[in-house]
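Peer 1: what follows is a protein structure lacking sequence information:
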């Protein structure tokens with residue numbers, strides 16, 4: 001739907017980015033309320049999940065003495081999806097924002113990512129930021145292509161190694 005709105009020139013990209021950023025701010029506000037109340041806030045008609053510390057299959061953080069605290073969902077099905085949305089939106093919006101707005105949105109989206117407690121989003125966000133820095137330092141297309149191919153091959157090799165050695169790897173703390 002987003003693609004058809006942009007490709008059909010119904011909405012110009014800067015206006016679409018502003019709408020998406022305000023939508024993200026709404027999602028982060030919902031997530032903050034969920035996190036603060038430690039339960040859903042009753043917006044099921046918007047798609048909010050029924051969440052709480054005692055609800056099964058809800059992403060939670062284990063606190064001291066057995067207490068549990070939910071992660072921020074917004075209206076998404078899982079906190080990692082909200083975190084992915086925030087990351088993608090930030091990198092899409094980055095070029096459309098002025099420097100002062102970049103700082104404000106970086107802090108707001110950083111807060112939203114912290115509320116989701118998504119380790120995957122943190123790793124991907126740092127990796128994308130490093131890619132962005134590399135591409136700014138080396139604007140030559142050939143260097144960028146070689147670097148991208150190297151990273152993809154490295155990821156494939158690491159995943160193959162993990163797959164082939166998964167029986168010998170223990171991910172639990174001993």
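Peer 2: All right, it came through fine. Small disclaimer: the values here were computed from a predicted structure and weren't measured.

Peer 1: how about the helices in the chain?
Peer 2: 2-7, 13-37, 79-93, 99-116, 119-137, 141-164 (DSSP state H).

Peer 1: turn these into a markdown table, including mean neighbour count and mean pLDDT.
Peer 2: No exception for glycine: its C-beta is placed from N, CA and C like everyone else's. Compiled in a markdown table, the helices of the chain are given as follows (neighbours: other CB atoms under 10 Å; pLDDT from 0 to 100):
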| stretch | mean neighbour count | mean pLDDT |
| --- | --- | --- |
| helix 2-7 | 11 | 71 |
| helix 13-37 | 16 | 90 |
| helix 79-93 | 21 | 91 |
| helix 99-116 | 16 | 90 |
| helix 119-137 | 13 | 90 |
| helix 141-164 | 11 | 93 |
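
Peer 1: reformat those as TSV; add distance to residue 48.
Peer 2: What follows is the helices of the chain, written out as TSV (distance: least, CB to CB, whole Å):
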stretch	distance to residue 48
helix 2-7	22
helix 13-37	7
helix 79-93	12
helix 99-116	15
helix 119-137	20
helix 141-164	35
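
Peer 1: and of those, who's closest to residue 63?
Peer 2: helix 13-37 (12.8 Å; CB to CB).

Peer 1: okay, the angle between the closest one and helix 79-93?
Peer 2: 150 degrees (axes from the mean of the first three to the mean of the last three CA atoms, to 10 degrees).

Peer 1: can you name every helix or strand that helix 13-37 contacts?
Peer 2: For helix 13-37, the packing partners by 3 or more CB pairs under 8 Å, 6 or more residues apart in numbering; DSSP states H and E come out as helix 2-7, strand 68-70, helix 79-93, helix 99-116.

Peer 1: now do it: everything it contacts.
Peer 2: Under the criterion CB atoms under 8 Å, 6 or more residues apart in numbering, residues 2, 5-6, 11, 40-41, 43, 48, 51, 69-76, 79, 82, 85-86, 89, 92-93, 96-97, 105, 108-109, 111-112, 115-116 lie in contact with helix 13-37.

Peer 1: any idea of the angle that helix forms with helix 99-116?
Peer 2: Using the same axes, to 10 degrees: helix 13-37 against helix 99-116 is 40 degrees.

Peer 1: in TSV: the helices and strands packed on helix 13-37, plus distance to residue 143.
Peer 2: Output for these, formatted as TSV (distance: least, CB to CB, whole Å):
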stretch	distance to residue 143
helix 2-7	30
strand 68-70	44
helix 79-93	21
helix 99-116	26
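
Peer 1: so for residue 150, which of these sits nearest?
Peer 2: Once the helices and strands packed on helix 13-37 are compared by CB to CB, helix 79-93 is nearest, at 20.9 Å.
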